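[1] Structure of the sequence below:
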Amino acid sequence: MSSQALRVGMLGGTFDPIHHGHLRSALEAREALGLDRLHMIPAPKPPLRGEPQVSAEQRLTLLTLGIGETPGLYADDRELRRDGPSYSIDTLIELRKEYGPQARLVMIIGFDAFLRLAQWHQAQALFDHAHLAVMARPGYAAPWPEELTELVGAREVEGADSLMQRPSGGVMMLTLPSQMAISATYIRKRLGEGKSTRYLLPEAVEEAIGKNGFYRHFSSHDE
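    Residues are numbered from 1 along each chain as shown. Below is the predicted model:
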């Protein structure tokens with residue numbers, strides 16, 4: 001059954017703005033996990049910063065432009081349409097309802113986010129609906145907090161084939177080949193200073209940012 005079941009991924013982020021690092025990671029994660037489709041889902045409001053200069057809808061537009069015609073990647077606006085707080089568990093429940101009980105559903109997150117997983121809303125319930133694939137970050141490693149070790153338990157598996165034996169419930173460490181260390185903060189800073197972002201962003205995204213005057217001002221609060 002596992003060879004026929006649809007493989008679906010969820011990759012959330014602020015994408016502020018979407019850049020080649022995000023897109024290359026999405027593409028390589030899709031390949032590594034053998035996903036039929038990967039939903040890239042902008043978060044309504046960037047965490048730990050003040051009000052963004054660029055609206056969620058504008059970030060979604062840039063994401064759509066960045067993805068372009070790339071097979072298997074989809075810009076998904078569901079969290080922007082949701083009232084109240086937007087939790088990953090709610091998104092996974094929606095995707096599970098859409099794709100059915102046998103689909104292999106994988107939430108892809110970065111290692112830094114993974115370290116805080118035990119503090120997430122209904123963290124234990126995430127595994128009822130999806131697997132977790134954790135992307136390594138270039139030059140970044142840290143010991144797992146005790147509560148994270150307890151949460152993960154014996155869920156960790158080696159390799160996508162093992163992960164995809166079941167619809168949900170596993171954890172897999174994912175080391176991507178490119179590991180492009182591009183920072184959205186760095187891009188916003190360069191844009192705010194009127195400096196070139198060529199080769200950091202897809203051309204269509206760079207053009208739209210310039211045309212609409214996005215990210216013209218940068219402050220330390222944007223960090």
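[2] Counting residues, which helix of the protein comes out longest?
    Taking DSSP state H as the criterion, the chain has its longest helix at helix 20-33.
[3] Which residues outside that helix are in contact with it?
    7, 9, 11, 13, 15, 35, 38, 40, 66-67, 70, 72-73, 106, 108, 133, 135, 160, 163-164, 174, 176-178, 180-183, 199-202 (Cβ atoms under 8 Å, 6 or more residues apart in numbering). C-beta coordinates here come from the backbone N, C-alpha and C atoms, glycine included.
[4] How far away from the center of its chain is it?
    Per Cα atoms, centre = their mean, to the nearest Å, the displacement of helix 20-33 from the mean C-alpha position of its chain is 10 Å.
[5] in that helix, what's buried?
    Of the residues in helix 20-33, those scored as buried under the neighbour-count criterion (16 or more other Cβ atoms under 10 Å) are 20-30, 32-33.
[6] Can you list the low-confidence ranges for this protein?
    Low-confidence regions of the chain, defined here as pLDDT under 70, cover residues 1-3, 46-52, 138-139, 219-223.
[7] That one: strands as residue ranges?
    Taking DSSP state E as the test, the strands found in the chain are 7-13, 37-42, 73-75, 104-110, 131-135, 171-174.
[8] Export these as a markdown table, with columns for mean neighbour count and distance to Val54.
    Converted to a markdown table, the strands of the chain look like this (neighbours: other Cβ atoms under 10 Å; distance: least, Cβ to Cβ, whole Å):
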| stretch | mean neighbour count | distance to Val54 |
| --- | --- | --- |
| strand 7-13 | 22 | 14 |
| strand 37-42 | 23 | 11 |
| strand 73-75 | 19 | 15 |
| strand 104-110 | 24 | 21 |
| strand 131-135 | 23 | 24 |
| strand 171-174 | 19 | 29 |
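[9] I appreciate the help and will end here.
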